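1. Fold the following.
(one chain, ligands or ions: 1)
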Amino acid sequence: MTGDRIEVRGLTKAYEGADPLRPALHDVDLEIPRGRFVSLIGPSGCGKSTLLRVVAGLERHDTGTVSVFGSTPERMAAAKAVGLVPQSPALLPWQNVRRNVSLPSRVNRRAGRGSEDPDLLLRMVGLEDAARKYPHELSGGMRQRVAIARAFGIRPDLLLMDEPFSALDEFTREALQLQLLGLWERMSTTVLFVTHSVREAVTLSDTVVVMSARPGRVHEVLDVDLPRPRDRGVVTGPRLHVLEDRVRASLQTAWEAGAAPDDLVPL
Ligand SMILES: Nc1ncnc2c1ncn2[C@@H]1O[C@H](COP(=O)(O)OP(=O)(O)OP(=O)(O)O)[C@@H](O)[C@H]1O
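-> Numbering: from 1, shown residues only. Next comes the predicted model:
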């Protein structure tokens, strides 16, 4: 266990009542050095969200070990050191945008952690003019930006994002990806990001973890050697397409591995 990385070793997790031959996660090994942007991609049901929830301390695992910067997921969560951005953000409807974004600083004061200036965060996600609006007055993309700004507000050591842009149109999604990268580059938080989009995974990440299903496990870990900062030139350049093709090929073999009829975990 070291403090400079997230270490997952031999992680297995079966939900109660599930077929024991088909655990949600089986013998997952993963190492994420501090400060990295890592995406998880893989077929539906391969355990991406489960892995995220185990690392977040929201779900117990059966066997194996999970160390988050030398601590346990539960201790990290209790110390407010982990942020989570789900697919549909849960904003407080009775508080305006600025109050929603500054909420973590109030919580953090109690947890004895520092926090980020909410006005700066709102500027970084292009919402400075919406600070006094309420959640029901916002579009889906704006709500997701509030959730992202709020998540960075606690200056988390680790930020877990579960398909945060999947409900958005392509144009909004690409704009938010660049805003997210801007925040991440400034804050140097470690990010674990679940997505179904190959382009999104390559655009954002240092590392793409391809998972296979039935049971869920790590199929391949691919490095993304695109330069940073990832401006429009980088994310529309030819190298991105080469890397996308590499991830697609890996997904194809992951899918085939998961579809094999003899791919059962022995009891
Ligand atoms: N609370 C739960 N109780 C029982 N089984 C669950 C539960 N949550 C997930 N599962 C099962 O665990 C497996 C992994 O689910 P998980 O949601 O982690 O996959 P995923 O890769 O995130 O899927 P998707 O891409 O469709 O969101 C699936 O077979 C799913 O049906």
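2. For the rest of this, base every contact and every neighbour count on C-alpha atoms.
-> OK.
3. ok, residues contacting the helix or strand that contains Val242?
-> Assigned by DSSP states H and E, Val242 belongs to helix 238-259. Identification of contacts with helix 238-259 by CA atoms under 8 Å, 6 or more residues apart in numbering yields 42-43, 198-199, 202-203, 208, 210-215, 219-220, 222, 224, 226, 234, 263.
4. Show the contacting residues for Val101.
-> Taking CA under 8 Å, 6+ apart as the test, what Val101 contacts is Pro118, Leu122, Val146, Ala147, Ala149, Arg150, Gly153.
5. helix, strand or coil for it?
-> At Val101, secondary structure determined by DSSP: H, G, I helix; E, B strand; the rest coil is helix.
6. before we move on, back to that, what average pLDDT does the helix holding Val242 get?
-> For helix 238-259, mean pLDDT rounds to 91.
7. Only the buried residues of it, if you could.
-> Across helix 238-259, burial judged by 16 or more other CA atoms under 10 Å covers Leu240, Leu243, Glu244, Val247, Arg248, Ser250, Leu251, Ala254, Trp255, Ala257, Gly258.
8. Could you do stretch 77-93 as well?
-> Ala77, Lys80, Ala81, Val82, Gly83, Leu84, Val85, Pro86, Ser88, Pro89, Leu91.
9. Can you tell me which of those end up in strands?
-> Val82, Gly83, Leu84, Val85 (DSSP state E).
10. The second one touches Gly153, doesn't it?
-> No - applying CA atoms under 8 Å as the test, Gly83 and Gly153 come out as separate, 9.1 Å apart.
11. Of all pairs in the contacts of Val101, which one is the farthest apart?
-> Using CA to CA, the pair of the contacts of Val101 lying farthest apart is Pro118 and Ala147, separated by 11.9 Å.
12. Secondary structure class of Val8, three-state.
-> strand.
13. Who does it form a beta bridge with?
-> Leu30, Val66 (DSSP bridges).
14. Now the worst-scoring helix or strand of the chain on mean pLDDT: buried residues?
-> Sorting the helices and strands of the chain by mean pLDDT, DSSP states H and E puts helix 97-111 at the bottom, at a mean of 80. Across helix 97-111, burial judged by 16+ other CA under 10 Å covers Val97, Arg98, Arg99, Asn100, Val101, Ser102, Leu103, Pro104, Ser105, Asn108.
15. ok, then the element right after it?
-> By DSSP H and E, the next helix or strand past helix 97-111 is helix 118-124.
16. Show me what counts as buried in that following helix.
-> Pro118, Leu121, Leu122, Met124.
17. what secondary structure does the residue most central in space within the chain sit in?
-> When CA atoms, centre = their mean is applied to the chain, the residue found nearest the centroid is Phe193 (2.3 Å). Three-state assignment for Phe193 (three-state DSSP): strand.
18. mind starting the numbering at 42 from now?
-> New numbering, starting at 42: the last item is Phe234.
19. ok, it touching Val79?
-> Yes - between Phe234 and Val79 there is a contact at 6.1 Å, judged by CA under 8 Å.
20. Fine, thanks again, bye for now.
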